[in-house]
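S.K.: this is a predicted model, with the sequence first.
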Amino acid sequence: MKLAIRVKRKVNRSWQVDSMLFLLLAAFGSFMAVPLIYVINNAFKPLDELFIFPPTLFVRNATLENFADLFQVMKNSWVPFSRYIFNTVFITAAGTAGHILLASAAAYPLAKHKFRGHKVLFTVIVLSLMFSPHVTAIPNYMIMSALGWMDSYQAVIIPAFAYPLGLYLMKQFMEQIPDALLEAAKIDGASEYRIFWQVVMPLVKPAWLTLLILMMQMLWGTDGGSFIYSEQLKTMHYAMGQIIQGGIARAGVGAAVAVIMMTVPIVTFVLSQSNVIQTMASSGMKD
Amino acid sequence: MQKTKIAAEIMMQPKGRPAGLQGKWELFVKDMKRDKHLFVLLAPYMVLFLLFTVLPVMISIFFSFTHFNMLEFPSWVGWENYSKLLWNDDVFLIGLKNTLIFAVITGPVSYIACFVFAWLINELNPKVRAFMTLVFFAPSISGNVFFIWQIIFSSDSYGIMNGLLMKIGMIYEPIQWLQDPKYMLTIIIVVQLWLSLGTSFLAFIAGLQTVDRTLYEAGAVDGVKNRWQELWYITLPSMRPQLMFGAVIQITSSLAVADVAMALAGFPSVQYGAHTVVTHLVDYGTIRFEMGYASAIATVLFILMLGTNLAVQKLLKRVGE
């Protein structure tokens, strides 16, 4: 039976259209990939290869010179490059951990309980997905200075805790948890906090990883915005900007930083892809 | 649900209106007590959300009616900022025009691209699918690696695009891609599209995998002839929730073009060729410190984004009905 249907579905697909679509996919796939491949190869090119004309996509004699130069160049700067790395890692780790914890805690009541105001709260969250953080940038600057948080890590970390997209996805994902499971825990005498921590949290691991990817997209590439101005608190993205400003002479070093910058989020995504897709399946907006 | 419950409660009160109100209040207190654990769980997130998202929107709307420079006490000016913005600020109108051009092109194109690529990838076997997902998603997650496009469109003859075009004899001298307003917008649109296969792309891939397989079998029996009909009659309607979610993400980001424009074309760009509403906001908010005026720009942006999103949601709800 199944086989018959499969044969029938094959008939629906003509090989001409199939190969055309395949070509389309290949063409756009290379449009997406070539710039990244070029940067990665540049990072391993020795000086003489970087300036070959016409430029080559792939490296011939790979070298780690650029990475060594990176630390050499940054040695004479105000703060060592390792400090920028630390700042980025710290901001990303703290922001992500806090966000996952707070967003999950808030998502659980919204997903699984009908309390007074749950609809209003969720509507406000959905509405806040509909405008970008640029809208709130200026008042946030005032709020930060009123709080005395200017030029500190928390000015970047704490607002990330309350990023709306994470709560939205977490809540949508939690809705799939069967109510019977929660009720069973309740009958066993578990408090809401225990249900959240011991029943719900372990079940939404795929959603944690999705929030991790989202936060990484946001925090790993942050330059500290207008909140951070001390050199020792600035991030890797900021350092990358400074190096690229150095112009063509720093092309190799710039590519090396770029590779360091992009490796972490990409590897994280590769490792968590199936979980992320699983979470996204429940991302839809119901009326 | 809640309303009928309350109504029932009121009807059960024999003494009429005052007792009804009291009953309502008691019910409210009872509900609050029952749900207090839930509010404890919600509180940390909600406090920060109010502080850094809801409150700022209100502050922005309030200050948009004032003159405020962070030093002097704000003074009320009514609609002056808005009238200046819409009638006397030519640069803002250039920014608004560019923003709308970006949005009208990158919005729908990126949205359709997200779907089409997700749909094509979905037909591949799982291993290839995972790899292609990575290829398409990687640019949007690589942070700020889009600076590479600066090298590609570099203005001297060593720039990759110039070198290529000169080699095949299309041009004889290098083009100043990122300084010429003629090319600026197009290049930024291309880069923006390169970056745009993000969250919605993943949502569509996931959505496609959840479409009930038996629907296709039923469709084949009911006379669905080819993959296009399959797409239109089965796949798209089944994915409506994801399509609506994706629309929100793509619309919001297509109206917020700024980082790429500033990084590639400079800030301010030549003849304001890549000026947008957001770069105008950055100009007044973080350079000139005219906070009242900048708040008016932010409020216009807010209304533009929210309005477009709500309108499109309404439209998408009708699809397939």
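M.R.: Nice, I can see it. Numbers count the residues shown, from 1 in each chain, chains lettered A, B, ... in the order given.

S.K.: quick one: contacts for A:Arg250?
M.R.: Shown in contact with A:Arg250 (CB atoms under 8 Å, 6 or more residues apart in numbering or on different chains): A:Val73, A:Ile243, A:Ile244. From N, CA and C alone the C-beta is placed, and that goes for glycine too.

S.K.: phi first, then psi, for the residue in the stretch 151-287 of chain A positioned nearest to chain B.
M.R.: Nearest to chain B, among the residues of the stretch 151-287 of chain A, is A:Gly284, at 2.3 Å (CB to the nearest CB). For A:Gly284, the backbone dihedrals (degrees, to the nearest 10) come out as phi -60, psi 160.

S.K.: wait, what's in contact with it?
M.R.: Taking CB under 8 Å, 6+ apart, we find A:Gly284 in contact with A:Gln172, B:Ala203, B:Gly207, B:Met239, B:Arg240, B:Pro241, B:Gln242, B:Leu243, B:Met244, B:Phe245.

S.K.: for A:His134, same thing?
M.R.: By CB under 8 Å, 6+ apart, A:His134 lies in contact with B:Ala256, B:Ala258, B:Val278, B:Leu281, B:Ala298, B:Leu301.

S.K.: buried stuff in the helix or strand hosting A:Ala107?
M.R.: Using DSSP states H and E, A:Ala107 sits within helix A:81-112. Buried residues in helix A:81-112, counting neighbours by 16 or more other CB atoms under 10 Å in any protein chain shown, are found at A:81, A:83-84, A:87-88, A:91-92, A:94-96, A:98-112.

S.K.: and chain B, which of these contact it?
M.R.: Among the buried residues of helix A:81-112, the residues lying close to chain B (CB under 8 Å from any CB of the partner chain) are A:Leu102, A:Ala103, A:Ala105, A:Ala106, A:Tyr108, A:Pro109, A:Leu110.

S.K.: isn't B:Ser140 up against B:Leu195?
M.R.: Yes. Counting by CB atoms under 8 Å, B:Leu195 is a contact partner of B:Ser140 at 5.2 Å.

S.K.: about what we covered before: among the contacts of A:Arg250, who's most crowded?
M.R.: Greatest neighbour count in the contacts of A:Arg250, by other CB atoms under 10 Å in any protein chain shown, goes to A:Ile243: 22 neighbours.

S.K.: spit out the contact partners of that residue.
M.R.: Counting by CB under 8 Å, 6+ apart, A:Ile243 touches A:Leu70, A:Val73, A:Arg250, A:Val253, A:Gly254, A:Val257.

S.K.: let's see 6 Å
M.R.: Applying CB atoms under 6 Å, 6 or more residues apart in numbering or on different chains to A:Ile243 gives the contacts A:Arg250, A:Val253, A:Gly254, A:Val257.

S.K.: return the distance of the second one relative to A:Ile143.
M.R.: Using CB to CB, to the nearest Å, one gets 37 Å for the distance from A:Val253 to A:Ile143.

S.K.: these two: who's more crowded?
M.R.: Using other CB under 10 Å as the criterion, A:Val253 and A:Ile143 rank with A:Val253 on top: 24 against 18.

S.K.: now do residue 200: how many residues are near it, please.
M.R.: Reading this off chain A. A:Val200 is flanked by 22 other residues according to other CB under 10 Å.

S.K.: ah, no, chain B please
M.R.: Neighbours around B:Ser200, by other CB under 10 Å: 28.

S.K.: show me what the helix or strand harbouring it is packed up against.
M.R.: Element membership for B:Ser200 (DSSP H and E) is helix B:199-210. In terms of contacts (3 or more CB pairs under 6 Å, 6 or more residues apart in numbering or on different chains; DSSP states H and E), helix B:199-210 is packed against helix A:251-280, helix B:90-122, helix B:240-254.

S.K.: could you check the angle that helix makes with helix B:240-254?
M.R.: Taking axes from the mean of the first three to the mean of the last three CA atoms, to 10 degrees, helix B:199-210 and helix B:240-254 form an angle of 170 degrees between their directions.

S.K.: contacts for helix B:199-210?
M.R.: Under CB under 6 Å, 6+ apart, the answer for helix B:199-210 is A:277, A:280-281, A:283, B:114-115, B:118, B:122, B:239, B:242, B:245-246, B:249-250.

S.K.: OK, contacts around whatever residue of the stretch 101-250 of chain B ends up closest to chain A?
M.R.: The minimum distance from the stretch 101-250 of chain B to chain A, using CB to the nearest CB, falls at B:Pro241 (2.3 Å). Contacts here follow CB under 6 Å, 6+ apart; on that basis B:Pro241 touches A:Gly284, A:Met285, A:Lys286.

S.K.: in the chain, where is pLDDT below threshold?
M.R.: As the question left the chain open, I've gone with chain A. Along chain A, segments meeting pLDDT under 70 span A:1-13, A:53-54, A:247-249, A:287.

S.K.: chain B is the one I meant
M.R.: For chain B (pLDDT under 70), the answer is B:1-19, B:319-321.
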